[in-house]
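# attaching a predicted model along with its sequence, questions to come.
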Amino acid sequence: MRVFRASRSLATVVVVVVVAAMLSCVRAAGDTYLIGVGKADITGPVVEIPFHGYAVLSQVGTGLRQRLYARSFIIADAANPADKFLYIVVDTQAGDTATRLGVLEGLKALGGDYAGFTQKNVAVIGTHSHSGPGGWHNYLLHQIPVLGFNKQSYQAIVDGCIQSVKNAQASLTKGTLTVGTGTVQDGNINRSQWAYLANPQAERDSYASSTDTTMTVLGFKRSSDGKNMGMLTWYPVHGTSAYNNNTYVTGDNKGVAATMTEQAYAQDANSAPGFVAAYSQANVGDTSPRVLGQWCDDGSGQQCSLEASTCADGTVTNCNGRGPFFEKGDQGLSSCYEIGRRQHVAAKSIFDSLATNGTPLVGTSVNSFHFFNDMRYFQFQLPNGTAVQTCPAALGYSFAAGTSDGPGVSDFKQGDAGLPNAQNNVFWQAVSNVIQTPSAQQVACQGAKPILLDVGEMMAPYPWIPNIVDVQLLRVGQLVMIVSPGEATTMTGRRWKAAVHDAAKTSGVTGTGVEPIVVLGGPANSYSGYIVTPEEYEVQRYEGASTMYGKWTGPAYMNLTVSNINYLAAGNTGSPSQTLLPPDNRGVSLSFIAGVVYDNPALGKSFGQVLTQPAGSYARGATVKAVFQGANPRNNLRLGGTFAAVDQLVNGQWTQVRSDADWFLTYTWTRVDGLLGSSTVSLAWETAGDGAPAGTYRLHYYGDSKTPITGSIKAFEGVSSSFTLV
Ligand SMILES: *[C@@H]1O[C@H](CO)[C@@H](O)[C@H](O)[C@H]1NC(C)=O
Ligand SMILES: *[C@@H]1O[C@H](CO)[C@@H](O)[C@H](O)[C@H]1NC(C)=O
Ligand SMILES: *[C@@H]1O[C@H](CO)[C@@H](O)[C@H](O)[C@H]1NC(C)=O
Ligand SMILES: *[C@@H]1O[C@H](CO)[C@@H](O)[C@H](O)[C@H]1NC(C)=O
């Protein structure tokens, strides 16, 4: 009996195991694609250039906390490798026309497999960090707060993007793709609830939150040895954790998350070397990482008003969003670090359960379409048949007020009749005579928006803003990626994703009998402000005032993507027809940023000489610091290298254990004497949070000086005395 029972239960076990194996087979039965992942450094000039995002002219770089990267993902049809697309996530405020053109030209010049990357299938998406050097935008309005177009800043991004594509191409191999979703707790908050409340009650009631809390993860696994190559995630939260007075280059919260995830999988036996984790931005428009809400910093202890984000004095000046560790500033374990960590924890947990909870992509076809649409009086029909139109770009008055994440354009002051304060900015002095009075047609078209800047009708000295924008969808299997040129708000993103989902399902372009999955990435390709819902537009808060093509901007994008969904069908090689192309302003753009003249050490000193040594010993948790005789880091960006390192003494050998890519090691450059050209560099290692073990260490500075007269660039190094961490 016992034997019989035992064998019966053994049989049961065997059956269970077989069924489980079959189930896991069913789960894992995704189709095979050609997949590649790659990453490269895009860190431009870290000093003397204003940052792009907050539009605060005084937010000029003084150093580096974290390097910036481009992360590229190639997905191709394994049977027809020419059917492919490239999704590049860059640690910048947005993907934009000039950088995308530069990337396309660079890929074309490389030829071979790279020549197959064209307008149609290349998407460039910004993480929306507000803490990177500016000077790479194609249009005048976005050049003004950063003093123009800076060739070095632009080229660093373009070169880094191309290098990341090369790295992705080098890793290209057969593999599978799996999608998973999960929730990020306390990673974002709505920052324009008053506008959100204008959306229909029934629609709002169908969602648990007034921001999207879902993170979507796409896992890349190669077939050769079953190892994980990387992940691409989508989750909406503004890259505004670091304050608008931060002057250290960082990738903001998504830069932190990406680094943490890559470091976690670098030590994982199931991962291939060079694991790449990218945190794509999503329907970010009305989200904030300041998750404790919006408060009046005027001693009142009150929250800002819901309607206008104002405080007791009736202005927005004292209204600031608060991140989880808002009192701490931007150093060390800051709000930025914490919001990055929260995204990393969610992404890792979703990724680690892809094998059991994920949805494998099925359907071998990979397809995409792209075209430029002129938004000036573009006429179309809403789904209910009503004829509407978009307008030439314009910005409303609330644009000037900014948000609780930071002010808008600093040169605008409310109550200033909307005109910029020309004395503050050489750029405004050069262009303020071309401020346009909007035409009657434009005023009527923009409807509820009182026009502050009629940027879409301002063409001198070159166009101020895009009127011609990118419309693009990418597809692999049942997954469709909407590539949004603007910052779609929460509800816009939901409606847009639902419209594309329904169209994909009805048309069957993503396969029959399989539920389409739709994600939205942006701001991408040509930065074109915000995209609110028509109801939110009527409220004209900051996001509505920055929805440039009028009330029907969002429905227009939905019409344009949905009407062309059939171009995603398997085997389709066509593209929507193309009329006007956007202007390329790279060759004509103004620049008011001077180059490096020369460097000299202070009298009696030499480059790299240590001016202040660290102490001999520190308790773990302390900040270690050394000061060196320096030179301007704009002389050599050291892309893929470092300006700063921590070396550890291991078995009598100095080994680099931290670089300037590490959050807790900062690099600060200070101009000491402009005439002589002397400067200092200080390296600081915040060992609190870093987790470094006790040991013997030293700080190491890598610099490059520019010789007077000849202009030649010479590399040098500086090494501090050693210290112990106990
Ligand atoms: C939305 O914003 C309001 C007002 O700032 C705030 O009270 C609420 O907690 C927020 N809700 C979510 C889910 O973000
Ligand atoms: C930077 O801005 C934040 C938020 O407004 C403020 O709390 C902090 O004191 C500022 N830091 C400096 C150094 O001015
Ligand atoms: C988009 O608008 C056009 C009119 O210009 C209309 O014919 C078409 O049906 C609309 N498409 C969708 C998907 O609503
Ligand atoms: C069609 O939809 C728009 C937007 O929701 C609305 O403003 C308009 O009144 C609707 N038209 C009709 C005829 O229902």
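On my side now, so go ahead. Ligands and ions are numbered 1, 2, ... in the order given.

# next, count neighbours for the residue of the stretch 501-650 of the chain found nearest ligand 2.
Here the residue of the stretch 501-650 of the chain nearest ligand 2 is Thr623; by Cβ to the nearest ligand atom that distance is 16.3 Å. The way it works is simple: take the backbone N, C-alpha and C, and place the C-beta from them, glycine included. Neighbour count for Thr623, taken as other Cβ atoms under 10 Å: 16.

# and it, backbone torsions?
phi -100, psi 120 (degrees, to the nearest 10).

# same question for Lys497.
phi -60, psi -40.

# for ligand 1, see how far away whichever residue of the stretch 351-500 of the chain sits closest to ligand 2 is.
Across the stretch 351-500 of the chain, the shortest distance to ligand 2 (Cβ to the nearest ligand atom) belongs to Gly406, at 8.2 Å. Using Cβ to the nearest ligand atom, to the nearest Å, Gly406 is found at 17 Å from ligand 1.

# so what's that residue up against?
53-54, 56, 130, 240, 243-244 (Cβ atoms under 8 Å, 6 or more residues apart in numbering).

# can you put those in TSV and add neighbour count and pLDDT?
Output for the contacts of Gly406, formatted as TSV (neighbours: other Cβ atoms under 10 Å; pLDDT from 0 to 100):
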residue	neighbour count	pLDDT
Gly53	27	90
Tyr54	26	88
Val56	21	84
His130	25	96
Thr240	29	97
Tyr243	21	94
Asn244	20	93
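
# so which of these would you say is closest to ligand 2?
Taking those together and measuring to ligand 2 by Cβ to the nearest ligand atom, the closest member is Tyr243, at 4.0 Å.

# so the closest one sits against Asp330, correct?
Yes. Here Tyr243 reaches Asp330: they are 5.9 Å apart, a contact under Cβ atoms under 8 Å.

# what residues does the stretch 251-400 of the chain have near ligand 1?
293-294, 306 (Cβ under 6 Å from any ligand atom).

# out of the residues you listed, who's the most crowded?
Most surrounded of those: other Cβ under 10 Å gives Gln294, at 24 neighbours.

# my guess is that residue contacts Gln193. True?
No. Under the criterion of Cβ under 8 Å, Gln294 is not in contact with Gln193, lying 9.3 Å apart.

# so which residue is dead centre in the protein?
Nearest to the geometric centre of the chain sits Thr127, at 0.9 Å (Cα atoms, centre = their mean).

# for it, which non-adjacent residue is closest in space?
Lys254 (4.1 Å; Cβ to Cβ, 6 or more residues apart in numbering).

# state the pLDDT value of the one you found.
Lys254 carries a pLDDT value of 98.

# look up how far Glu457 lies from the residue lying closest to Gly53 once chain neighbours are set aside.
Take Gly53 and drop its neighbours on the chain: the residue closest to it by Cβ to Cβ, 6+ apart is His130, 2.7 Å away. The gap separating His130 from Glu457 is 28 Å, by Cβ to Cβ, to the nearest Å.

# cool, and Val284?
Applying Cβ to Cβ to Val284 and Glu457 gives a distance of 28 Å.

# the two: which has the busier surroundings?
Val284 (31 against 22).

# confirm that that one sits in a helix.
No. Per DSSP: H, G, I helix; E, B strand; the rest coil, Val284 lies outside any helix segment and is coil.

# kindly state the pLDDT recorded for the nearest residue to it once chain neighbours are set aside?
Spatial nearest neighbour of Val284, excluding adjacent residues (Cβ to Cβ, 6+ apart): Pro236 at 4.5 Å. We have a pLDDT of 98 for Pro236.

# can you tell me which residues contact Pro236?
Pro236 neighbours (Cβ under 8 Å, 6+ apart): 188, 211-212, 281-284, 287, 490, 493.

# show me those residues that map onto strands.
Thr287 (DSSP state E).

# show the buried residues in the contacts of Pro236.
Among these, those buried by neighbour count (16 or more other Cβ atoms under 10 Å) are 188, 211-212, 281-284, 287, 490, 493.

# how far away is the residue in the stretch 301-450 of the chain positioned nearest to ligand 4 from Pro555?
For the stretch 301-450 of the chain, the residue closest to ligand 4 is Asn384, as judged by Cβ to the nearest ligand atom, at 3.7 Å. In this structure, Asn384 and Pro555 are 10 Å apart, going by Cβ to Cβ.

# again, but for Pro324
Taking Cβ to Cβ, one finds Pro324 at 36 Å from Pro555.

# mind checking which of these two has more residues around it?
For Pro324 versus Pro555, the count of surrounding residues by other Cβ under 10 Å is larger for Pro555: 23 against 20.

# around ligand 2, which positions in this structure sit nearby?
243, 245, 320.

# what does the protein put close to ligand 3?
380-381, 383, 559, 562-563.

# the residues you listed in helices, which ones?
Judged by DSSP state H, the residues of the chain next to ligand 3 include 559, 562-563 as members of helices.

# can you tell me which of the residues you listed are buried?
Buried among these (16+ other Cβ under 10 Å): 559, 562.

# confirm Asp704 sits in a helix?
No. Under three-state DSSP, Asp704 falls outside any helix and is assigned strand.

# contacts only, for it.
Per Cβ under 8 Å, 6+ apart, neighbours of Asp704: 631, 633, 635-636, 638, 713-716.

# so how many other residues sit close to the spatially closest residue to it that is not a sequence neighbour?
Spatially, and ignoring its direct neighbours in sequence, Asp704 is nearest to Asn636 (3.8 Å; Cβ to Cβ, 6+ apart). Burial of Asn636 is recorded as 18 neighbouring residues (other Cβ under 10 Å).

# coming back round to it: so which of the contacts of Asp704 is the most crowded?
Result: Ala631 is most packed of the contacts of Asp704 (other Cβ under 10 Å), 30 neighbours.

# does that one touch Tyr702 like I think?
No. Applying Cβ under 8 Å as the test, Ala631 and Tyr702 come out as separate, 10.5 Å apart.

# thanks a lot, see you next time.
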